[in-house]
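# The following block contains a protein sequence and its predicted model.
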Amino acid sequence: MEVGGVSNFCCSGSHSADLGAQYITATSSYAQSHHRFYSEPLSAGVLQPLDSLVEGLKYKDGNKDYMTPLGMGSMVKHFLSESGADLFFERHVTGLYRRGASWEVQWKAGGSEMFDAVVLTMPAPQILQLQGDVGHVLSVHQKQQLEGVEYSSRFAVALFFPPDSINGPGRGPSLVVHTSVPFGLKHLERDKEDVQPIILQELNKLLPGLPQPISIKCQKWRYSQVLTSVPDCPGHMTILHQPPLVCAGDSFVHSNFDGCVKSALSVLSVLKASL
């Protein structure tokens, strides 16, 4: 199994902060249909009930909010560790080539490997950028659907403070700032090093008494949340049945934890039928 992506959980000494999603909201419906995907990480301590107030959040009856003490990435790591799969990280996929009953996957760093089936979970625009035979096996309609997927873009900044600056001795506090969708769109093509001072300037206007941080981490999310997903999609798109080539992820459902689970379950049914 090949796993790629950028970690959204960063650490600085005794500090930590999550630059991705800050909490998970389970609707009453998903809490039932996806019960095991909540109960297992809760039992393992990976997931915890969110016991603090989120200002501006519209609470609905039956909804439950959760947080991850070690970052959202810990949920992924939990399920991967339970799967027993052999994992290989830091392999940037650049091309897919059909080789009879298999797929040859090529890496940016050079080299390739053969697979019986491939599941792509990167954002739709990156699927269309892949070299090789993906563009040849996509139907005109499928290509149009992928081209229609739209993402918001954001910047996130984590500030780490010394232990005695706010809460006294002990673990140092951290603060995470997420920019708005219009801001992300306006500054999308700028380097994060150029955008960070703008964000910090606005932050100091909102919180003028903020202590001086000991370190700062800025993250640019070119593909944040899906604004427009593939319409009427069951959570995946089968590009080729044999050898199986399936696209999945929030491009084909919606951008939250339950959307990811829904997409994964739909892919599982496809792979079981194909293999």
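Nice, thanks for sending it over. This structure is a prediction, so every number in the text was calculated from the model and none was measured.
# List the residues that contact residue 230.
124, 145, 146, 148, 149, 237, 251, 252 (Cβ atoms under 8 Å, 6 or more residues apart in numbering). Placement of C-beta: from N, CA and C, glycine included.
# Please read the previous query as pertaining to residue 102.
By Cβ under 8 Å, 6+ apart, the residues touching residue 102 are 114, 115, 116, 243.
# Tell me which stretches of the stretch 51-200 of the chain form strands.
Counting by DSSP state E, counting those that start in this stretch, residue ranges of the strands within the stretch 51-200 of the chain are 64-67, 93-99, 102-107, 112-115, 118-120, 131-132, 150-151, 154-160, 174-178.
# if you average pLDDT over the helix ranked longest in the chain, what comes out?
Using DSSP state H to define each element, the chain has its longest helix at helix 257-274. The pLDDT scores in helix 257-274 average 94.
# Same question for stretch 242-254.
94.
# Could you export the strands of the stretch 51-200 of the chain as a markdown table, including distance to residue 54?
As requested, these are exported to a markdown table (distance: least, Cβ to Cβ, whole Å):
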| stretch | distance to residue 54 |
| --- | --- |
| strand 64-67 | 7 |
| strand 93-99 | 36 |
| strand 102-107 | 41 |
| strand 112-115 | 42 |
| strand 118-120 | 33 |
| strand 131-132 | 43 |
| strand 150-151 | 24 |
| strand 154-160 | 17 |
| strand 174-178 | 13 |
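# Packed most tightly, which of these would that be?
strand 154-160 (a mean of 23; mean count of other Cβ atoms under 10 Å).
# Quick one: closest of the strands of the stretch 51-200 of the chain to residue 273.
Across those, residue 273 has its closest neighbour in strand 118-120 (13.8 Å, Cβ to Cβ).
# which residues are in contact with that closest one?
Residues contacting strand 118-120 (Cβ under 8 Å, 6+ apart): 96, 103, 105, 127, 130, 243-249, 267, 271.
# contacting residues around residue 255?
Contacts of residue 255 by Cβ under 8 Å, 6+ apart are 224, 225, 226.
# tell me the contacts of the second one?
Read it as residue 225. 151, 152, 250, 255.
# how about the last one, secondary structure?
Put plainly, it is residue 255. Following DSSP: H, G, I helix; E, B strand; the rest coil, residue 255 is assigned to coil.
# if we can go back for a sec, just the closest of the contacts of residue 255 to residue 75, please.
residue 225 (17.0 Å).
# Worst mean pLDDT across the helices and strands of the chain, which element?
Scoring the helices and strands of the chain by mean pLDDT, DSSP states H and E places strand 9-12 at the bottom, with a mean of 56.
# What pairs with the next helix or strand after that one, parallel or antiparallel?
Next along the chain after strand 9-12, taking DSSP states H and E as the criterion, comes strand 15-18. Paired neighbours of strand 15-18 in the sheet (DSSP bridges): strand 9-12 (antiparallel).
# Could you break this structure into its assigned domains?
Listed by automatic domain parsing, the domain ranges of the chain are 11-83, 93-149+227-274, 153-224.
# Go through the ones you listed and pick out the most buried.
domain 93-149+227-274 (a mean of 17).
# mind checking the end-to-end distance for that domain?
The first residue of domain 93-149+227-274 is 23 Å away from its last residue (Cα to Cα, to the nearest Å).
# which one of the strands of the stretch 51-200 of the chain lies closest to residue 30?
Comparison of those against residue 30 by Cβ to Cβ identifies strand 64-67 as nearest, at 9.7 Å.
# Sheet partners, orientation included, of the closest one?
Here, using DSSP bridges, strand 64-67 pairs with strand 24-26 (antiparallel), strand 48-49 (antiparallel).
# Make JSON lines out of the ones you listed and add distance to residue 194.
Shown next, in JSON lines, are the strands paired with strand 64-67 (distance: least, Cβ to Cβ, whole Å):
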{"stretch": "strand 24-26", "distance to residue 194": "32"}
{"stretch": "strand 48-49", "distance to residue 194": "37"}
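# mean pLDDT lowest for which of those strands?
strand 24-26 (a mean of 92).
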